[in-house]
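[1] structural data only, the sequence is not supplied:
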């Protein structure tokens, strides 16, 4: 028996890159949180502390800033792919790179009904995300790339149109069935693109976000599971470039307040929004002929 | 010398009340975080553990839910005043009550371009706040009330139109002057109403929020201090029912990335958004003839 | 009627200063979070954007680091007083300075039973705090100083020895009385020193912390109010240099799990630890002859 | 092409179970955060909203509390295994269950030098964790089980004995080499047990924690990678029941403050502790003959 180094990766996490486009009086702003993760031949750094093949995480951070100027920050998927290919192509010891980007949206402040050219308010709703992985040598078809984009912290609620009944009951079941409840979640959705990739990542994002919202709103929910399935299926039906979508949804419970001790009825009007515990529903919806995901889902948060 | 009980208050903090109005197919939703704080004759609870005069915090929580049904949740200032007056008027040992409410806004989900009647997405930008204090017996003029409303977590940014120069330099000063920088903050604003109170708290909130945003956008900033002063002054000029406004603004630094080692120019395009430390500017803007604030600013967070 | 600038202050918040003492093989480490707040004649910065009297917050940050070398970081009260006096004495426009410091403790890692000379693990329990305020010219008695020290996030729990009964009942009361419950809180305590100040701030801190813990443990609690009073009173009885102590204590509810539907008894054994809402008890305990607190309690968090 | 349901799981997350043992005057306390995740035949819940096979998450929560009484909470691994086996064995539709538990430690308050029998202060350092997975029918060898235990938020720092030099330099490298720096991290470690499992999970935890601390302290670090490798290897060398250990370590940068503008030297004495970005090093150390991990690492956080 010997003891070996197993899977490993390293990089610079959460570099906060803000890019201002100021070509005319009307500025544009892109606000990113960027993490880089490199994989490759780093065994000597572990075994002997030999850094000869190790590009410092500080250099990776510098590259994130430099590329925001050299390559620009248009769509975050392109920015991430540029960074990933650079590390794989230009750093000899790197055989694979994963770049994870969160993007925060800003809305223009309206002044007297007109959009201001350089003043913004943060639109704090959901965060747009991408995670790209590039593996292998820089000549096609040796080099492969995966893109998983998504959103997180999309908090949605239905005040009716949701029931939960007919469930399995065991010795520990005390929950009452209900035909009308509040359904609320803080959605994480991540979808894996397959070739051919979309012409516009922004357009794809906007369409998928809208489908998720519309299906959440319009599906009469018999269970959060069913709602998620309908949301995911609609995305795959609408877009052939999505191989798979994964949804993770906490069931943010809203409990009906018991007002009967005070002689008050409460027909679905007053609720207590609870923090913990919460239900948690996670599912993947995918094409049966989807290409192999490879390392597309191997994130930093999944590591340990 | 003796040891005495000094100022004291107690209550239930952060009761998460959600009120759904479902009189027709188009639901309305109010989503609140409510804290109650009672002051009065509670010395025996401290000195001897005698609870005879102590209304449990659990009862206060129940009242928050019951009032959401009995009185409804229209404007948060009215809901808070109803609760405060109830505690002062109906609980003999209570001589003063403070109710603090945060309100989270929800937007309707748009389906095929139309607002959905009962599906919502959380509008996570700023949080609307109020803190009302009611003191004294229930017959006018013995009973007095104060209302301090506001907003927090309003994150705004200007990509130009901000400079910082001509400042005092001491032995420890290394900062370079700049004629063009990013100015960003996460604003907390609280304004104290004076009689006669507005006919519509909602309208007042909307107008003040808009004034703050517009002044932030349009004032050419020589300092964050000057921007805050102009924001506060504009609010007082627009509304005679505001006695005072207090602004607390972290200067969320965006540092220009140094790209010169890579042969790149960076004319205000690529920035590093830093977390800590941050500048912090706090000021009050007030009328010289404003009525005495009394206990209006005595919050739970200020206590210790 | 005119509109005026009211109270105002500014500074650099949350500068994370780490000071290593390495005079011999056995290192010492002090880990601080430092905030500076200056008050004085800054009206021109607000009214006209004139920075001539404004010491940049960046310079204040530099001073925090430089003083960690020049003056050292022994006891945080002394470090804070040095900084406050410097700003008041050396910066002409500054008439008062408040310095707030949080200190994180580190324990030495034990290797084979012996303390390691330069390896530490963070002792994450409570955080030690101080907030000093210096006002006025640099010649006594013109210059005055206040020191409020304390701790926060001291999480304590009693699994018995706590009851809650005999309380006032109103229309909204449903809580059952109990003779045995879990009592838990996350304590914030702040105490104001009066002259003559202690010879050793560290010794005073250690003694007060121990008194708070012991009284929490040994007082049979009829109410959290009574427990806080006994804790505070014991501190003042033990030390003549404490004028006042303020305690803020969330009642972190532990609800007995209802196991009766499963045919199980639960005699105070299984509890659900709830997040929100929570009770909140705040009180001051003070000497009747305590000196005027002046601006001792005017913190940044209290401002707005 | 068809659209299918892919991997899915559901359960109740973050149930906060507190168990008091009060068999005599000296109480014991176990404080847990428990999450359950069930896998099995739930396709109908997704496709048709049919809950007939779905055990409510509320029932799972009830089971967590009931088992704290029925089975007790000794070592968290045993408690989690009891729960997992129950769901797989007793709920027909469940084919696999994963139970994740965090445990918060409490220390006894010392009163006059003696440990108090029922008063505790939270020892907030690291959190102990376990995640067990049970798959398959309830007769051996059909049923298999995996246990991955660990710790998180173990914050450690070395004030010397760490260097970083000889690294790869590219066009974007500006970092200076150093022979003496602060090394600090907030460690996440998770180790996978292999048969035969330890007789005492508590003893295994204590030993592994101590090995990690001692190796961090005593290895002269040429890179965080090397330190992690030495920590992981030492664990596997000491215990034959560990198949693999995974380490995730943010490099919490402490930057030397530049005091030269003030005429001050800074030989490794004053540092700025930065928040973001941070380096991130992740690695697995494993036996070459380790059994297949199966689903041992498939956590809720890894899902999306």
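    Thanks, I have it. In this text the structure is predicted, and so the values were computed from the model without any measurement.

[2] please count neighbours and contacts with C-alpha atoms only from this point.
    Noted.

[3] give the contact list for residue A:274.
    Residue A:274 is in contact with A:252-255, B:16, C:276, counting by Cα atoms under 8 Å, 6 or more residues apart in numbering or on different chains.

[4] ranking those by neighbours, who comes first?
    By neighbour count, taken as other Cα atoms under 10 Å in any protein chain shown, the most surrounded of the contacts of residue A:274 turns out to be residue B:16 (25 neighbours).

[5] bridging residues for that one?
    With DSSP bridges as the criterion, residue B:16 is bridged to residue B:33.

[6] that one and residue C:278, how far apart?
    Computed as Cα to Cα, to the nearest Å, the residue B:16 to residue C:278 distance reads 11 Å.

[7] just give me the longest helix of chain A.
    Scanning chain A for the longest helix, with DSSP state H as the assignment, gives helix A:201-218.

[8] okay, buried residues for it please.
    By neighbour count, with 16 or more other Cα atoms under 10 Å in any protein chain shown as the criterion, the buried positions of helix A:201-218 are A:201, A:204-205, A:208-217.

[9] near chain B, which residues of the stretch 101-250 of chain A are found?
    For the stretch 101-250 of chain A, the residues in contact with chain B under the definition Cα under 8 Å from any Cα of the partner chain are A:109-111, A:116, A:118-125, A:154-160, A:213-214, A:216-217.

[10] now with 6 Å, please.
    Neighbours of chain B within the stretch 101-250 of chain A, by Cα under 6 Å from any Cα of the partner chain: A:111, A:118-125, A:155-159, A:214, A:217.

[11] quick check: can you list the domain ranges of chain A?
    Residue ranges for each domain of chain A read A:1-136, A:143-304, as given by automatic domain parsing.

[12] just how off-centre is the last one within its chain?
    With Cα atoms, centre = their mean, to the nearest Å as the basis, the distance from the averaged C-alpha position of domain A:143-304 to the chain average is 13 Å.

[13] what's the average pLDDT for it?
    Along domain A:143-304, the predicted local confidence has a mean pLDDT of 97.

[14] start to end distance for it?
    From start residue to end residue, domain A:143-304 stretches across 27 Å - Cα to Cα.

[15] for the domains of chain A, give me CSV that also has distance to residue B:237.
    Formatted as CSV, those follow (distance: least, Cα to Cα, whole Å):
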stretch, distance to residue B:237
domain A:1-136, 17
domain A:143-304, 37
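
[16] what's the closest of those to residue B:188?
    Closest to residue B:188 of these, according to Cα to Cα: domain A:1-136, at 13.9 Å.

[17] pLDDT value on residue A:138, please?
    Taking residue A:138 on its own, its pLDDT is 78.

[18] what's residue A:303 sitting at in phi/psi?
    The main-chain torsion angles of residue A:303 are listed as degrees, to the nearest 10 and equal phi -60, psi -50.

[19] any idea how far it is from residue A:297?
    Noted for residue A:303: a distance of 10 Å to residue A:297, by Cα to Cα.

[20] please work out which residue of the stretch 101-250 of chain A is closest to chain C.
    Distances between the stretch 101-250 of chain A and chain C by Cα to the nearest Cα are smallest at residue A:172, namely 6.4 Å.

[21] that's a strand at that residue, yeah?
    No. Inclusion of residue A:172 in a strand is not indicated when DSSP: H, G, I helix; E, B strand; the rest coil is applied; the result is coil.

[22] show me where chain A has its helices.
    Taking DSSP H as the criterion, chain A carries its helices at A:43-48, A:57-70, A:76-90, A:201-218, A:224-238.

[23] report all helices and strands that the third one contacts.
    Using 3 or more Cα pairs under 6 Å, 6 or more residues apart in numbering or on different chains; DSSP states H and E as the contact criterion, the neighbours of helix A:76-90 among helices and strands are strand A:94-111.

[24] again, only this time at 7 Å
    Using 3 or more Cα pairs under 7 Å, 6 or more residues apart in numbering or on different chains; DSSP states H and E as the contact definition, the elements that helix A:76-90 packs against are strand A:94-111, strand A:114-135.

[25] what's the answer for the longest one, then?
    Counting contacts by 3+ Cα pairs under 7 Å, 6+ apart, the secondary-structure elements packed against helix A:201-218 are helix A:224-238.

[26] residues in contact with the helix it packs on?
    Where contact means Cα atoms under 7 Å, 6 or more residues apart in numbering or on different chains, the residues beyond helix A:224-238 that reach it are A:208, A:211-212, A:215-216, A:219, A:221, A:242, A:245, A:247, A:281, A:285, D:3, D:45-49.
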